[in-house]
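> Quick one, what's the 3D model for this:
(4 chains)
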Number of protein chains: 2
Amino acid sequence: MKGNITMRDIAEKLGVSSVTVSKALNDKEGVSDELKKRIKQVADEMGYRFNTHAKSMKEGLSYNIGIIIPEQFAGSTQAFYLQFYQHLSQNMDVHHYSGILHILSREDERNLALPRIYTEKKIDGFIMLGQISPEYVKMIQNTDVPVIFLDFYTDQTNIDSVLTDNFFGVYEMTNYLIRNGHKKIAYVGNIHSTSSIQDRFLGYYKSLLESRIELNPDYIIKDRDELGNYIPFELPEDMPTAFVCNCDQVAFNLINDLKKKGYDVPNDCSVVGFDNDIYATLTEPKLTTVEVNMKEMSKVTVKFIIEKIKNRKKTYGRVMIKGTMIYRDSVKNIL
Amino acid sequence: MKGNITMRDIAEKLGVSSVTVSKALNDKEGVSDELKKRIKQVADEMGYRFNTHAKSMKEGLSYNIGIIIPEQFAGSTQAFYLQFYQHLSQNMDVHHYSGILHILSREDERNLALPRIYTEKKIDGFIMLGQISPEYVKMIQNTDVPVIFLDFYTDQTNIDSVLTDNFFGVYEMTNYLIRNGHKKIAYVGNIHSTSSIQDRFLGYYKSLLESRIELNPDYIIKDRDELGNYIPFELPEDMPTAFVCNCDQVAFNLINDLKKKGYDVPNDCSVVGFDNDIYATLTEPKLTTVEVNMKEMSKVTVKFIIEKIKNRKKTYGRVMIKGTMIYRDSVKNIL
DNA sequence: CTGAAAGCGCTTACAG
DNA sequence: CTGAAAGCGCTTACAG
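Reported below is the predicted structural model:
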């Protein structure tokens, strides 16, 4: 078999022009059905592979989208984003797009270095997956390809981002605890840490407000310092009956800590998480938590970026996707 | 700023030809240093971005490599391969290559469907990351781009693969246990499961042979059935003083099981793992284990695939990369 | 329904 | 040291 088969080769074999072959293979108007069928058949027989680069050059589009994940989210505990990539990839495929995954090193982030896939025109747009510095956000907004931010947002203007509804998820979760008779409910997380931890806290707070439960400052329990390093939990004198943790990993840590201190989960106190990641089922008992709806978030993100590639003026703003409650064994009904 | 700046635009601005611009930007012979400098400067000022597609078409190369990960390895417990991707990516960057990550769905694997990145000539070669069916291996070997298998191998011929040295890693680990006075050493893993679990077992066995310790069939403890589902451990009557687990996750499970049954690790028995993944530090005590040398494996893999792209005839065979012993707290010296 | 011509943005081989 | 010409493999706009 010849190494490199082009439309012209197919055309010559059939005694037609390469224009006709192009039309046939792209299912365009202007070729008789019979000829089209033959062309496709011969293309198959000859092992023809379409050359995207020729099309790219003509159209000025690469049919690739750059997915940028900051290095710190590609660590050993973060299978999460690989799954996200998978969903993004599946959705892009429908639009004949491929994903070029780029892990942004801390150094490049600091130096505001744009990835080569951009400077060499290998991509038509960016999906930024995971929080990056405001400076980097600003720079990437000023490139001449469209950008969508996935799973985080900043307060900068003109930003299109797709997020899990942190606020609503924890609001719903806290309501669930209250329906199960809990009134002494603590929130575990540093509320000055990231915006998503903050939003989750606010969801918890709203739920308390609605049920006329006073917010007890002792019931806001720090899990990490401002730099993100975990610190030992300081449990309040008056023990809560339930803990709303800002993520599953913290719930995992808390449960281990509670056990060491002689408490039984969920009989002495209930614990809930957020994310439904690997930690949710590593705990004993398994965690009741909120699952991020990656599938829907990915679908929406890809739809947006493709629209933006076609029409630069489209904007979407901050789009929230609701998560799903996952009921397991870490909550006790105390009514 | 004009949307699309080409070498011709730079050339016109400077009153030279686009050939000269091409030479200058590519640091080729035949342009005076002074002119080269000016050209680069103007390119910068104009915000020029190189168009890879034009080069691709000329050369018939895309400067992309497809990294294929089978779906089952992209699950929530598998951050491992994302880290691998990161290292691969860094190494490819040096060669001006980008990675297109494709998660191969179970369905496409079964139907022997080639990814679009291949059929549309978006890639110059494949790196297969994670075990796939022999049929798929065979098919991908017959495409007209080179392939390297990373982190697994099959007995099919003409296969270039890069592997962690499972055999040697466990051999070294078992030697270490023996040096610490252990004689009653069990292996935990289904030796009919995957080739790497088998190879690890053989490393264990070699170590026993060398020390003239008889292989006790009761000391081969199954961790999963033939389908890969974990099953309860059946501990032997005569308890071993050490357990060599085929991976960290199994060591994690075993330690939890031992604790439930009233054993203390490492005082009653030592436990070691393999992989140094997330499970290695989730256990209490933390695991002594073997770390896969991802960095070196990635470097070698990329070097090989690039060489193979340049010269199709190159072959490398099965290349083993030694892992690194990580000493933590799960082994007791009983001498 | 079919095709000749031009062009996308580079690079290579050759001539000066 | 510099550049005119040709070509990579498609697609678009137009003519028949």
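
> Tally up the residues packed near the closest residue to residue A:312 other than its chain neighbours, please.
In space, and not counting its chain neighbours, residue A:312 is closest to residue A:146: 6.4 Å by C-beta to C-beta, 6 or more residues apart in numbering or on different chains. The way it works is simple: take the backbone N, C-alpha and C, and place the C-beta from them, glycine included. Number of residues near residue A:146 (other C-beta atoms under 10 Å in any protein chain shown) recorded here: 23.

> Pick out the residue of the stretch 101-250 of chain A closest to DNA strand D.
Using C-beta to the nearest atom of the strand, the closest approach of the stretch 101-250 of chain A to DNA strand D is made by residue A:121 at 14.5 Å.

> Next, that residue: secondary structure please.
With DSSP: H, G, I helix; E, B strand; the rest coil as the basis, residue A:121 sits in coil.

> same check, this time on residue A:24
Three-state call for residue A:24 (three-state DSSP): helix.

> can I assume it is in contact with residue A:34?
No - shown here, residue A:24 and residue A:34 do not form a contact pair, counting by C-beta atoms under 8 Å, at 10.5 Å.

> if we can go back for a sec, please give me every residue in contact with the residue nearest to residue A:312.
By C-beta atoms under 8 Å, 6 or more residues apart in numbering or on different chains, residue A:146 lies in contact with A:125, A:126, A:305, A:308, A:309, A:312.

> can you rerun that using 7 Å?
A:125, A:305, A:308, A:309, A:312 (C-beta atoms under 7 Å, 6 or more residues apart in numbering or on different chains).

> The residue of the stretch 101-250 of chain A closest to DNA strand D against residue A:63, yeah?
No - the pair residue A:121 / residue A:63 is not scored as a contact, 11.8 Å apart, by C-beta atoms under 7 Å.

> element containing the closest residue to residue A:299 other than its chain neighbours, please.
In this structure, residue A:299 finds its nearest non-sequential neighbour in residue A:91, 5.3 Å apart by C-beta to C-beta, 6+ apart. Assigned by DSSP states H and E, residue A:91 belongs to helix A:80-94.

> what angle sits between that helix and helix B:80-94?
70 degrees (axes from the mean of the first three to the mean of the last three C-alpha atoms, to 10 degrees).

> Next, the buried residues of helix A:80-94.
A:80-93 (16 or more other C-beta atoms under 10 Å in any protein chain shown).

> Name the next helix or strand downstream of it, please.
Per DSSP H and E, the first helix or strand lying C-terminal to helix A:80-94 is strand A:98-104.

> hang on, the earlier thing: for the helix holding residue A:91, give me every contacting residue.
Residues from elsewhere that reach helix A:80-94, judged by C-beta under 7 Å, 6+ apart: A:65, A:67, A:69, A:73-74, A:98-99, A:101, A:127, A:129-130, A:277, A:294-295, A:298-299, A:301-302, B:74, B:76, B:79, B:81-82, B:101-103, B:116.

> Quickly find the element holding residue A:290.
strand A:289-291.

> so the next helix-or-strand element following that strand versus helix A:80-94, what angle?
Using DSSP H and E, the next helix or strand after strand A:289-291 towards the C-terminus is helix A:294-310. Calculated by the same axes, to 10 degrees, helix A:294-310 forms an angle of 50 degrees with helix A:80-94.

> tell me what the helix or strand just after helix A:294-310 is packed against?
Toward the C-terminal end, the helix or strand that comes next after helix A:294-310 (DSSP H and E) is strand A:318-321. Contacts defined by 3 or more C-beta pairs under 7 Å, 6 or more residues apart in numbering or on different chains; DSSP states H and E place strand A:318-321 against strand A:161-164, helix A:294-310.

> switch the cut-off to 10 Å
Where contact means 3 or more C-beta pairs under 10 Å, 6 or more residues apart in numbering or on different chains; DSSP states H and E, strand A:318-321 is packed against strand A:161-164, helix A:166-179, helix A:294-310.

> Report the buried residues of the second one.
Neighbour-count burial for helix A:166-179, with 16+ other C-beta under 10 Å as criterion, is recorded at A:166-178.

> List just the nearest of those residues to DNA strand C.
The closest of the buried residues of helix A:166-179, once distances to DNA strand C are taken by C-beta to the nearest atom of the strand, is residue A:166, at 43.0 Å.

> and that closest one, what pLDDT?
Here the pLDDT value assigned to residue A:166 is 94.

> Excluding covalently adjacent residues, which one is nearest to it?
Nearest to residue A:166 is residue A:199, by C-beta to C-beta, 6+ apart, at 4.1 Å.

> who's in contact with residue A:304?
For residue A:304, the contact set (C-beta atoms under 10 Å, 6 or more residues apart in numbering or on different chains) comprises A:125, A:127, A:146, A:148, A:150, A:160, A:161, A:162, A:314, A:315, A:316, A:319.

> Strands along the stretch 151-300 of chain A, start to end?
Per DSSP state E, counting those that start in this stretch, the stretch 151-300 of chain A carries strands over the ranges A:161-164, A:185-188, A:220-221, A:242-245, A:270-272, A:289-291.

> want to throw those into JSON lines with distance to chain B?
Compiled in JSON lines, the strands of the stretch 151-300 of chain A are given as follows (distance: least, C-beta to the nearest C-beta, whole Å):
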{"stretch": "strand A:161-164", "distance to chain B": "16"}
{"stretch": "strand A:185-188", "distance to chain B": "19"}
{"stretch": "strand A:220-221", "distance to chain B": "22"}
{"stretch": "strand A:242-245", "distance to chain B": "17"}
{"stretch": "strand A:270-272", "distance to chain B": "17"}
{"stretch": "strand A:289-291", "distance to chain B": "11"}
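
> Including mean neighbour count and distance to DNA strand C, could those strands go into a markdown table?
Converted to a markdown table, those look like this (neighbours: other C-beta atoms under 10 Å in any protein chain shown; distance: least, C-beta to the nearest atom of the strand, whole Å):
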| stretch | mean neighbour count | distance to DNA strand C |
| --- | --- | --- |
| strand A:161-164 | 23 | 31 |
| strand A:185-188 | 25 | 54 |
| strand A:220-221 | 18 | 56 |
| strand A:242-245 | 28 | 52 |
| strand A:270-272 | 27 | 55 |
| strand A:289-291 | 25 | 45 |
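
> between those strands, which gets nearest to residue B:50?
strand A:161-164 (29.7 Å; C-beta to C-beta).

> Sheet-wise, list the partners of that closest one with their directions.
Note on strand A:161-164: by DSSP bridges, its sheet partners are strand A:147-150 (parallel), strand A:318-321 (parallel).

> what comes into contact with that strand?
Applying C-beta under 10 Å, 6+ apart, the contact partners of strand A:161-164 are A:127-128, A:147-154, A:195-196, A:199-200, A:274-275, A:290-294, A:296-305, A:316-323.
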